[in-house]
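Asker: Turn this into a model:
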Amino acid sequence: MSPCSSVSCGNLATSRITYTSQTWSAKCIYRTWQKQMQPKSRCSKCRSSKPTGIHCLQEFYGDFVALDVHHFMVPVPCNEVLINPRAAAAFGASEFEAVDRLVQGLSALFLALRRRPVIRYQRTSDAAKRLAEGLYTLTYKQQPGVFDFGSRSSPVVLLLDRTDDPLTPLLTQWTYQAMIHELIGIRDNRAVLTSSKVAEQYREVVVDPASDDFYKRHLYSNYGEVGLSVKELVDKFSTASAQHKQLNSLEDMRRFVLEHSDFSRAQSNVTKHVNIVTQLSEEVSRHNLMDVSTLEQDLANPASALNAAGAYEDIMAMLQGKAVSNKDRVRLVMLYALRFEGEAGRFSGLLDALAQAGVKAANPQLYAAAEDMPRYGGQDRRSGDLYGGGNILLKAKNVFKGLQGVDNVYTQHQPLLVETLRLLAANDLNPAAYSYAATTQDEALSWQAAYKQRPPREAIVFILGGSTYEESKAVAEWNARGPQAGMRVLLGGSNVLNSDAFLAALGAGSADSNGMR
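Answerer: Modelled structure (predicted):
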């Protein structure tokens, strides 16, 4: 970073960070008093220019994308290979290339934050282990001086594989940001609307909390709350619009001209959110998502009274329903495979029902994703306790939550990440399941002992294969607790997944896709 500024861990400056495909040391950008930004060789600009010509020298590491103050992404050329090795042949890419790219991006993040973290990784993931080894070699062996920032306390970086929680990317989302990404898709803070009710000129919209106060306030509001708030926004605008029509004097006209830019901006914002909610409503109705999501939440919630036989019958009824899309049929079968992993016979029966419903013929890739779920995200591939079965205290909490009820049946699920953060902050995260990257066992034990005495106060959690907006919401809520949380958290991933992207990656290499729906 520059001598003028720095970025604190847990607070990324979204306006300053852009993606560039550079080496691990990252492209350096220097800003002069003329407000021009040019890439230069390291510090040569500073040495060769006249002292009066430099207003401020700032060095930005651009190998990662800041999505929010607590959420970032390190893009890779083919994220699918981090989820499904079969994708390597389909896309002509390799997992090793993707991991090398992640070493570049995460090392740039460490430099930007001026941190050299202690490295932990999910032991059941070969990709996470390779990434941990690459980062450890670079930051502690090859370039220790570059990453040495003095006596500042070391945060921890926890490298997870998407296999640790394959459940979260499969669920229908009901909070505004996550719902837009799930049902419409967000790419580079843009969404493209396809509803016939939306005029062509309004179809591409910007969804950026930095420039849209309404969107920022309602990122994590549920679908019903957003609908009411959009109605209030329309009513407020209608009142302002009626006032603007009453131009009875020169003073009224002067005031209108002065307020016109704000009025136009408000009109554009109202139009945008009305159009977004319109398309979301169409998608929910078209695919019968409320009924589908109710069953999804029961399958995802360990406190639900659902048993293997009852869930099987409920899913069979959904598979035979004409109002349910092929994608949603597949997601329900995959959720059953995760929740009732020992029910191989019933799972086979559900696969047969998918084939009879025409899913296998219409989209072999989608069918393959369902078929491979036990191998991809089964219990032997996971380090975390996805359903709380091995943790008596967690199981009791889940049962109590089920007895107590929740405000919204569609948002009962909590990502596994919440429990992982709680264990990490208390230094109770099992070192046998989430190992320390170290040269010797003694070094690993020394880190373990240090954190036992004083748990980490900063953490970077990175998910190979991609994070989700539901997990981003969980981290935002964690950080909002302030000192009570005990630890500030940054969440990162190699992509931001929705169910379409996740299913496409799982089915990659099996056959050509005909679309997720």
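
Asker: residue boundaries of the helices in the stretch 251-400 of the chain?
Answerer: Shown for the stretch 251-400 of the chain, the helices assigned by DSSP state H, counting those that start in this stretch span residues 289-300, 308-320, 326-339, 344-356, 359-362, 364-371, 373-377, 392-404.

Asker: got the ones you listed as CSV, with distance to L171 columns?
Answerer: Where you see a C-beta, it was placed from the backbone N, CA and C, and this is true even at glycine. Shown next, in CSV, are the helices of the stretch 251-400 of the chain (distance: least, C-beta to C-beta, whole Å):
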stretch, distance to L171
helix 289-300, 5
helix 308-320, 15
helix 326-339, 8
helix 344-356, 18
helix 359-362, 19
helix 364-371, 15
helix 373-377, 13
helix 392-404, 16
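
Asker: Low-confidence ranges, the stretch 101-250 of the chain, go.
Answerer: Within the stretch 101-250 of the chain, the ranges that satisfy pLDDT under 70 run 151-153, 240-250.

Asker: Quick check: which ranges of the stretch 351-500 of the chain have low pLDDT?
Answerer: Using pLDDT under 70, the stretch 351-500 of the chain drops low at 389-407.

Asker: which residue ranges form the strands in the stretch 51-200 of the chain?
Answerer: Assigned by DSSP state E, counting those that start in this stretch, the strands in the stretch 51-200 of the chain fall at 65-68, 71-73, 118-122, 156-161, 190-192.

Asker: okay, the third one in PDB with CA atoms only?
Answerer: Read it as strand 118-122. Below are the C-alpha coordinates for strand 118-122, written out as PDB (Å, rounded to 0.1, in the frame of the first residue of the first chain):
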ATOM      1  CA  VAL A 118      -1.400 -18.000   9.600                       C
ATOM      2  CA  ILE A 119      -2.700 -20.400   7.000                       C
ATOM      3  CA  ARG A 120      -5.300 -23.200   7.700                       C
ATOM      4  CA  TYR A 121      -7.000 -25.400   5.200                       C
ATOM      5  CA  GLN A 122      -9.700 -28.100   4.900                       C
END
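
Asker: what residues does that strand touch?
Answerer: 128-129, 131-132, 135-136, 139, 154-161, 163-164, 383, 429, 431, 433-437, 447, 451, 456 (C-beta atoms under 8 Å, 6 or more residues apart in numbering).

Asker: residues of it that come out buried?
Answerer: Residues of strand 118-122 classed as buried by neighbour count (16 or more other C-beta atoms under 10 Å): V118, I119, R120, Y121, Q122.

Asker: Is the first one bridged to anything, and to what?
Answerer: Pointing back at V118 there. On DSSP bridges, the residues paired with V118 through beta bridges are V156.

Asker: Whichever of the contacts of strand 118-122 count as buried, I'd like them selected in PyMOL; how would that read?
Answerer: The PyMOL command for the buried members of these (criterion: 16+ other C-beta under 10 Å) is given here:
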select buried, resi 128+129+131+132+135+136+139+154+155+156+157+158+159+160+161+163+164+383+429+434+435+436+437+447+451+456
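
Asker: would JSON lines of the strands of the stretch 51-200 of the chain with distance to F96 be doable?
Answerer: Shown next, in JSON lines, are those (distance: least, C-beta to C-beta, whole Å):
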{"stretch": "strand 65-68", "distance to F96": "22"}
{"stretch": "strand 71-73", "distance to F96": "20"}
{"stretch": "strand 118-122", "distance to F96": "16"}
{"stretch": "strand 156-161", "distance to F96": "15"}
{"stretch": "strand 190-192", "distance to F96": "32"}
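
Asker: can you tell me which of the ones you listed comes nearest to T278?
Answerer: strand 190-192 (12.8 Å; C-beta to C-beta).

Asker: and the helix or strand that comes right after the closest one, what does it pack onto?
Answerer: The element immediately downstream of strand 190-192 (helix or strand, assigned by DSSP states H and E) is strand 204-206. Here strand 204-206 touches strand 190-192, helix 250-286, going by 3 or more C-beta pairs under 8 Å, 6 or more residues apart in numbering; DSSP states H and E.

Asker: what's the least confident stretch among those?
Answerer: When the helices and strands packed on strand 204-206 are compared by mean pLDDT, helix 250-286 comes last with a mean of 76.

Asker: and the closest residue to H273 other than its chain neighbours, what does it touch?
Answerer: Distances taken as C-beta to C-beta, 6 or more residues apart in numbering place V230 nearest to H273, at 5.2 Å, with adjacent residues excluded. Counting by C-beta under 8 Å, 6+ apart, V230 makes contact with H273, V274, V277.

Asker: mind checking which helix or strand V230 is in?
Answerer: Per DSSP H and E: helix 223-245 holds V230.

Asker: Distance from the chain centre to that helix, please.
Answerer: From the chain centre to the centre of helix 223-245 is a distance of 30 Å (C-alpha atoms, centre = their mean, to the nearest Å).

Asker: And for stretch 210-220?
Answerer: 17 Å.

Asker: What of stretch 114-129?
Answerer: 18 Å.

Asker: same deal with stretch 202-212?
Answerer: 18 Å.

Asker: Same check on stretch 501-511?
Answerer: Using C-alpha atoms, centre = their mean, the offset of stretch 501-511 from its chain centre is 19 Å.

Asker: ditto for stretch 434-448
Answerer: On C-alpha atoms, centre = their mean, the centre of stretch 434-448 falls 29 Å from the chain's centre.

Asker: so can I have CSV of the buried residues of strand 118-122 showing distance to D188?
Answerer: Listed next are those as CSV, based on distance: C-beta to C-beta, whole Å:
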residue, distance to D188
V118, 33
I119, 30
R120, 31
Y121, 29
Q122, 29
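
Asker: Out of the residues you listed, flag the one nearest to Q356.
Answerer: Checking the buried residues of strand 118-122 one by one against Q356 (C-beta to C-beta), the nearest turns out to be Q122, at 37.3 Å.

Asker: hey, what's the closest one bridged with?
Answerer: Here Q122, judged by DSSP bridges, has bridge partners Y434.

Asker: Identify the bridge partners of S467.
Answerer: Applying DSSP bridges to S467 gives these bridge partners: V496.

Asker: do you know how far the closest residue to I184 other than its chain neighbours is from Y410?
Answerer: The shortest distance from I184 to any non-neighbouring residue, by C-beta to C-beta, 6+ apart, is to A191 (4.9 Å). Counting by C-beta to C-beta, to the nearest Å, the gap from A191 to Y410 is 21 Å.

Asker: Cheers, nothing more for now.
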